[in-house]
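Chemist: This is a predicted model, with the sequence first.
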Amino acid sequence: MDRFTHRANLSIALVIFLSASTTFAGVATFRGIGFFAGGHSSNANGISADGLVVIGDATPPAGMLPTFRWTEPDGLASLGPLDVNEMFPVNAFGVSADGSVVVGRATDTTFQNFKPYRWDSVNGTTILPGSSFSRATAVSADGQVVVGYGSPPSGREAFRWTQATGLQWLGLLPGDYIESEALAISANGEVIVGFSNGDGSGGIPLEAFRWTPATGMIGLGHFPNSQPVTRATATSADGSVIVGNAAVSTRVEAFRWTSATGLVALGELPGGSNQTEPRAVSGDGNVIVGQTLGPSGLESFIWTEDFQMRSLEDLLSTDHGIDLTGWLLTDATGISADGRTIVGFGTNPSGQTEGWIATLPELDICSCDGDVNGDGLRNGNDVQAFVDCLHSAAADCNCAELDDIPGLDANDIPPFVAALLTGVACL
């Protein structure tokens, strides 16, 4: 039998076994995080790496801070009482891996003066050094390294703070850059990402950076034939994967960067517009969430290499059967280290702004297309496993989903056959 006859027969056999498309297996959940007593709005701005503590801000009860920690057992808990004679936290932007440390922006009663703060359950709120209009944006896993930006004499600049070193200004990218902002940090506090911008119209040029104590601030570059705009917004736990948004031709798209690939554009939702901003990335850098301008307006997105960019609402409702009637999930702001718990905010069925939390089944990221049975080889032994995946939803079917269309169906047969006929073992 020649190669082409074998290919045709294999494809025909697979079509005969086809019944219906499948989706990700497992149970997903979704819920709003609610409000303080008497309140009417809440925003979830981030989540701890362990997925157990949500941080954000909400309409507060009288005499309490608007910043909160949310847990499943306790619901919303304010970071403490409000003292109008002191600067007080007004926004929570970053959280340690176990949720015990929160950082963000503090202000006074004039709301004209802003400084970074660090909060923990033992010491309460500590206002960090910084000039007006400063803020802390992220914190290391152990809660000891805080990053953000402020306004030293030279203008807005990224900073790194520890108890031992105090505030350390990180400088600017070389060239026509006059400001910088640090927006995210690796788990160990050694890699910081953000952007540096120039003094042209709209702050152009604007370039994403990666900073370490050894290298200082290094620019990630720009896309060719595009405006010089890149902006890093989040990083993986080890700092090897950086995500952000950039000018790509005439559009603003999300990107994913590694030292091996450089900048890689991630596209957009079908029918979407040119406005996408990643907010957070999983610990291994393989799941990205954020906000995009979709066909119906602003909405949350989720991206993985397997199914590319998808509407989070669509994933939850279509693939997992969650009833989101009346909800608009306008922004996904945080994700746990394992990529399974996502938080954000949107409009609830009553028309109020409310934070939400969603959990997904384990995402089985395929490392070898076509190796459906997981034995490290792509051969005839994978055929029955592929057929089984076509007939029923299974947690280990990711390596059977090979085309660019979400869901396993007949469109995956030709690329599966092609993968088998390569005869190449998995690495």
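Modeler: Yep, that arrived.

Chemist: Every contact and neighbour count from this point should use C-alpha atoms.
Modeler: OK.

Chemist: Point out where the chain drops to low pLDDT.
Modeler: Low-confidence segments of the chain (pLDDT under 70): 1-26, 154, 201-202, 363-367, 392-396, 404-407, 423-425, 427.

Chemist: I'd like the distance between the residue most central in space within the chain and Gln352.
Modeler: Nearest residue to the geometric centre of the chain (CA atoms, centre = their mean): Ala280, 2.2 Å. Applying CA to CA, to the nearest Å, the value for Ala280 to Gln352 is 24 Å.

Chemist: what's the answer for Gly283, then?
Modeler: 32 Å.

Chemist: With Val103 instead?
Modeler: 26 Å.

Chemist: Looking only at neighbour counts, state which of those two leads.
Modeler: Val103 (31 against 13; other CA atoms under 10 Å).

Chemist: you'd agree Asp199 is up against Ile178?
Modeler: Yes: at 6.4 Å, Asp199 counts as touching Ile178 under the criterion of CA atoms under 8 Å.

Chemist: Between those two, point out the one with more neighbours.
Modeler: Taking neighbours as other CA under 10 Å, Asp199 and Ile178 compare with Ile178 leading, 21 against 13.

Chemist: where does that one fall, phi/psi-wise?
Modeler: Ile178 has phi and psi values of phi -120, psi -10 when expressed as degrees, to the nearest 10.

Chemist: which residue packs closest to it, ignoring adjacent ones?
Modeler: Gly198 (5.2 Å; CA to CA, 6 or more residues apart in numbering).

Chemist: Just the buried positions in stretch 153-168, please.
Modeler: Neighbour counts over stretch 153-168 (16 or more other CA atoms under 10 Å) mark Arg156, Glu157, Ala158, Phe159, Arg160, Trp161, Leu167 as buried.

Chemist: Might one say that Gly203 is in contact with Asn197?
Modeler: Yes: Gly203 is within contact range of Asn197, at 5.5 Å (criterion: CA under 8 Å).

Chemist: more crowded one of those two?
Modeler: Asn197 (25 against 14).

Chemist: thinking the more buried one is in contact with Phe209, fair?
Modeler: No: counting by CA under 8 Å, Asn197 sits too far from Phe209 to count as a contact (10.4 Å).

Chemist: mind checking how far the nearest residue to Asp371 once chain neighbours are set aside is from Gly94?
Modeler: Of all residues not flanking Asp371 in the chain, Arg378 sits nearest, at 5.0 Å (CA to CA, 6+ apart). Distance of Arg378 to Gly94, given as CA to CA: 43 Å.

Chemist: So for those two, which residue has more residues nearby?
Modeler: Between Arg378 and Gly94, Gly94 has the larger neighbour count (other CA under 10 Å), namely 32 against 25.
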